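J.: Pasting a predicted model and its sequence here:
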Amino acid sequence: MSQLAEQKENLLAPGHNACAGCGLVLAARLVLNAAGPDVIVTNATGCLEVTTTNYPQSAWRVPWIHSLFENSAAVASGVEASLRAQGKLGRVKVIAQGGDGATADIGMMCLSGMWERGHDILYVCYDNEAYMNTGIQRSSLTPFDASTSTSPSGKVSLGNPTLKKDVPAIALAHRLPYVATASVAYPQDLEKKVKKALSITGPKYLQIHSPCPLGWGFKTALTIKAAKAAAQTGLYPLFEYENGQLISVRKIAKPQPVEAYLKDQIRFRHLFKDEVGKEQIAKIQEIANDNIKKFSLTG
Amino acid sequence: MKKFIEGSHAVAEAVKLCKPEVISAYPITPQTHIVEKLSQMVADGELKCEFINVESEFSAASVVLGASATGSRAYSATTSQGLLLMAEVLFNLAGMRLPVVITCTNRSVSAPINIWNDQQDVMTVRDSGIIQLFAEDNQEVYDMHLQAYRIGEDQRVSLPVIVNMDGFILTHAYEPVEMISEEEAEKFVPPYKPERKLDPSQPGTFGVVADPNWYTETRFAMQKSLEVSLKVVKEVASEFKQKFGRFQGDVIESYRLEGADTVVVALGSVVGTLKDVVDELREKGKKIGVLKIRCFRPFPEEEIREALKSVANILVFEKAFSLGLGGIVYHEIRSALFYSKSRPNLKAFVVGLGGRDVPKESLRKAIENFSSDLPDLNFVDLKTEQLKEHLYVPVS
Amino acid sequence: MPRNKSYIAEPGSSLANLTGTWRTEKPVFLNQKCTDCKLCIILCPDGVVFSVNKIYQVNLDYCKGCGVCAEECPVKDIQMVREVK
């Protein structure tokens, strides 16, 4: 029986200021409960940090440290080194956390360094696809054509013009023994991946799709539905690599057309206005098709 | 036992005695010999610690932050651009009250790029809440690192410390240094015992959000700790003198100030040159002394005021200045003397920027030509013929 | 209470913040068709759904009324009801 449902006390306590329906804080709670109390967590600046540590209150029931926006991975490297020096590494696990911006943009230097040096740390990226805490600004993990406050759709703009930076590929290029993506839509899968990652020695990367009701523009109750649709369209493939080999994917029995995912989010609403939008949706469908092919998500 | 040793290697030997559990640094001239020596010590099993080669100074500071928060004594070294890159983390270290020690091998700052000595780098972070000590020679550099951990880790202080040594001038100079044994060092610098640390058996949340209701008091508390740390610097220097027989000053050092009507003030290695000049001038009957500022932050205002109280002429030699204002140490001394009954003749003399040599002759000339008519900000050995290389400089 | 130097917050002290005051709707657990799948417990973003002897309920001190539990219940045994203050 999944440990998640049996957890008597959440390692991330309620009373924090995350939005109702926040996918990110759900993911963090699931990660922590799967990891257990013998962890030290480093956290980047962002929604997760700001909503949970408004002094004198803290929602964290594990040892936890926040330093700066870009250095979660470097601080974790120091924590890991200290534990190693004290002979405690192994018994105590190190988890470094950050949002998509903290991970793929401003934190890329520290992340690459941590991975290259081979520290025994699980890095978790909570991917809500923009700089949510500062007001929904575009990051390098903002998907194609998503409207954000710094890549808004407008008279001469269709939203974010770039594809998501492929951070799992960067992780694989660093020869990480374990690289995986997960989603709040599949909590048992997420739990399994966290546990597997923590059982492996070395640097691990887990990227979790974490829908943001406010930033993406959907009703708070629909967080899980949004995450599920992303996976079911092939836009957010869920996979595992071990030692560079693709060892598992979450198969899609019947891939949904991308409209099923895009239509219910305000950030993609501009694509449903006219012919130009239709062309863009076709491009997004190609992205999904490419993923389906690359990871053999069907059949 | 004396060793004829390069300044950088003296630092490495001192750090080895302090037994840090984690060292992290990024190479930058002229700090490189320190970290190279330390990594050789680790490679030969002489120093048991985790040596983390990071991808930038920003990461080095972040690594020692994480290590210190987890309860380890930690160390880093940098200079110039590296110190500037670390700046964000330095404020974080001070705010989180983590007593790491960082050696800064003082070097000029870009642009234009210059790898030689001046003290502009560390002056940029003087408001960070980090304790700043300046060494005059390599013996003091060696001794100062042991004292630095004692000061920073003192429960009344709990602040990071930067030990400053002039790049190339001290780092790459060979001097005889009296070594301390491992046993004696262990007694002077016992293992680090943090009050709180990241530990699953006692979880806590470090690095919180302090909203307008909470933030101010963190800074007030740091200020109070810095005021107390003046006392701690003195206590540690005094204890060091007692145990090892050496004293290079505590927060300041007064050299031949008795009956002086002229005092020259400086930080770092130039103090050594000034002491030689002062000895020569004293031979000639001039009543002159040297005030060495050893602890720059916290600023020993009382002690400086006391040392300079009946001095008529004060020359502040600085290896940095605040662009747009003037001498940094000069202005701080000027403020310290604001309420003095007698208004001394007090001027700033910028020397040695970008590693320009500071010969005894230039210092002596500055002293001999000193007058109350001089501007507040003076440049020693300024090459006026080069000013035509620069736009917008009115050369009158 | 240890001397909180440098503002180290105590674990779980967020419990002092009663976020239940945020909501405009609250979940009502009918406990009629419930299959004990525990999805509501797992998927609640704040982790405030719980069961006692298989009776499912929510901690109203913290429930923000997001509606995820009701939306995801496979047998629609949870209803979101407007709260009138």
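T.: Sure thing, it's come through.
J.: CA-only coordinates of stretch B:231-247 in PDB, if you can.
T.: Output of stretch B:231-247 as PDB, limited to C-alpha atoms (Å, rounded to 0.1, in the frame of the first residue of the first chain):
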ATOM      1  CA  LYS B 231      36.000  43.000  22.300                       C
ATOM      2  CA  VAL B 232      36.400  39.400  21.100                       C
ATOM      3  CA  VAL B 233      39.100  40.400  18.600                       C
ATOM      4  CA  LYS B 234      41.000  41.900  21.400                       C
ATOM      5  CA  GLU B 235      40.500  38.900  23.700                       C
ATOM      6  CA  VAL B 236      41.600  36.500  21.100                       C
ATOM      7  CA  ALA B 237      44.700  38.600  20.200                       C
ATOM      8  CA  SER B 238      45.600  38.800  23.900                       C
ATOM      9  CA  GLU B 239      45.200  35.100  24.400                       C
ATOM     10  CA  PHE B 240      47.200  34.400  21.300                       C
ATOM     11  CA  LYS B 241      50.000  36.600  22.700                       C
ATOM     12  CA  GLN B 242      49.900  34.700  26.000                       C
ATOM     13  CA  LYS B 243      50.000  31.300  24.300                       C
ATOM     14  CA  PHE B 244      52.400  31.900  21.400                       C
ATOM     15  CA  GLY B 245      54.300  35.100  22.400                       C
ATOM     16  CA  ARG B 246      53.300  37.100  19.300                       C
ATOM     17  CA  PHE B 247      51.200  40.200  19.100                       C
END
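J.: now check it, is it near chain C?
T.: No: remark: stretch B:231-247 sits outside contact range of chain C, by C-beta under 8 Å from any C-beta of the partner chain, the gap being at least 15.6 Å. From N, CA and C alone the C-beta is placed, and that goes for glycine too.
J.: so is residue 291 in a helix, a strand, or just coil?
T.: Let's take chain A. helix (DSSP: H, G, I helix; E, B strand; the rest coil).
J.: actually it's chain B I care about, not the one you picked
T.: Secondary structure for residue B:291, judged by three-state DSSP, is strand.
J.: Checking the nearest residue to it once chain neighbours are set aside next. Helix, strand or coil?
T.: Distance criterion C-beta to C-beta, 6 or more residues apart in numbering or on different chains; nearest residue to residue B:291, sequence neighbours excluded, is residue B:265 at 4.6 Å. At residue B:265 the chain is in strand, as set by three-state DSSP.
J.: quick one: residue B:265 and residue B:313 touch, right?
T.: No: with contacts counted by C-beta atoms under 8 Å, residue B:265 stays clear of residue B:313, the gap being 11.2 Å.
J.: Settle it for me: which of the two has more neighbours?
T.: Taking neighbours as other C-beta atoms under 10 Å in any protein chain shown, residue B:265 and residue B:313 compare with residue B:265 leading, 28 against 19.
J.: Does residue 56 lie in a helix or a strand, and which?
T.: Let's take chain A. Of the helices and strands defined by DSSP states H and E, none includes residue A:56.
J.: not what I meant, chain C
T.: Using DSSP H and E, residue C:56 maps to strand C:55-58.
J.: cool, and residue B:286?
T.: According to DSSP H and E, residue B:286 maps onto no helix or strand at all.
J.: Pull the number of nearby residues for residue 291.
T.: No chain in the question, so chain A it is. The number of residues near residue A:291, taken as other C-beta under 10 Å, comes to 19.
J.: Wait, chain B was what I had in mind.
T.: 25.
J.: Quick one: residues contacting it.
T.: Counting by C-beta atoms under 8 Å, 6 or more residues apart in numbering or on different chains, residue B:291 makes contact with B:252-255, B:257, B:263-265, B:304, B:307-308.
J.: List the contacts of the residue of chain C at minimum distance from chain A.
T.: Chain A sits closest to residue C:67 of chain C, with a gap of 3.1 Å, by C-beta to the nearest C-beta. Contacts for residue C:67 were tallied using C-beta under 8 Å, 6+ apart; they are A:21, A:219-221, C:25, C:27, C:80.
J.: swap the cut-off to 6 Å and go again
T.: By C-beta atoms under 6 Å, 6 or more residues apart in numbering or on different chains, residue C:67 lies in contact with A:220-221, C:80.
J.: could the residues you listed go into JSON lines alongside pLDDT and neighbour count?
T.: Formatted as JSON lines, these follow (pLDDT from 0 to 100; neighbours: other C-beta atoms under 10 Å in any protein chain shown):
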{"residue": "A:220", "pLDDT": "97", "neighbour count": "19"}
{"residue": "A:221", "pLDDT": "98", "neighbour count": "21"}
{"residue": "C:80", "pLDDT": "98", "neighbour count": "18"}
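J.: Tell me the residues of chain A that contact chain B?
T.: A:37-38, A:40, A:50, A:53-55, A:58, A:60, A:62-68, A:71, A:74-75, A:77-79, A:81-82, A:84-85, A:92, A:109-110, A:113 (C-beta under 6 Å from any C-beta of the partner chain).
J.: can you rerun that using 7 Å?
T.: Counting by C-beta under 7 Å from any C-beta of the partner chain, chain A comes close to chain B at A:37-40, A:42, A:50, A:53-55, A:58, A:60-68, A:71, A:74-79, A:81-85, A:92, A:109-110, A:112-113, A:117.
J.: Distance check, residue B:82 against residue B:62.
T.: Here residue B:82 is placed at a distance of 13 Å from residue B:62 (C-beta to C-beta, to the nearest Å).
J.: So which of the two has more stuff around it?
T.: residue B:62 (33 against 26).
J.: ok, and what's touching stretch B:335-348?
T.: Here stretch B:335-348 makes contact (C-beta atoms under 7 Å, 6 or more residues apart in numbering or on different chains) with B:301, B:304-305, B:308, B:311-316, B:318, B:321, B:326-327, B:330, B:333-334, B:372, B:374, B:376-378.
J.: Can you say which of those are buried?
T.: B:304, B:308, B:311-316, B:318, B:321, B:326-327, B:330, B:333-334, B:377-378 (16 or more other C-beta atoms under 10 Å in any protein chain shown).
J.: Doesn't residue A:30 lie inside a helix?
T.: Yes: assessed with three-state DSSP, residue A:30 lies in a helix.
J.: could you measure it against residue A:188, distance?
T.: 9 Å.
J.: of those two, who's got more company?
T.: Neighbours were counted for residue A:30 and for residue A:188 using other C-beta under 10 Å; residue A:30 has more, 26 against 15.
J.: any idea whether residue B:177 is helix, strand or coil?
T.: Look at residue B:177: counting by three-state DSSP, its state is strand.
J.: for residue B:363, same thing?
T.: Judged by three-state DSSP, the three-state class of residue B:363 is helix.
J.: Kindly report the same for residue B:8.
T.: Secondary structure for residue B:8, judged by three-state DSSP, is helix.
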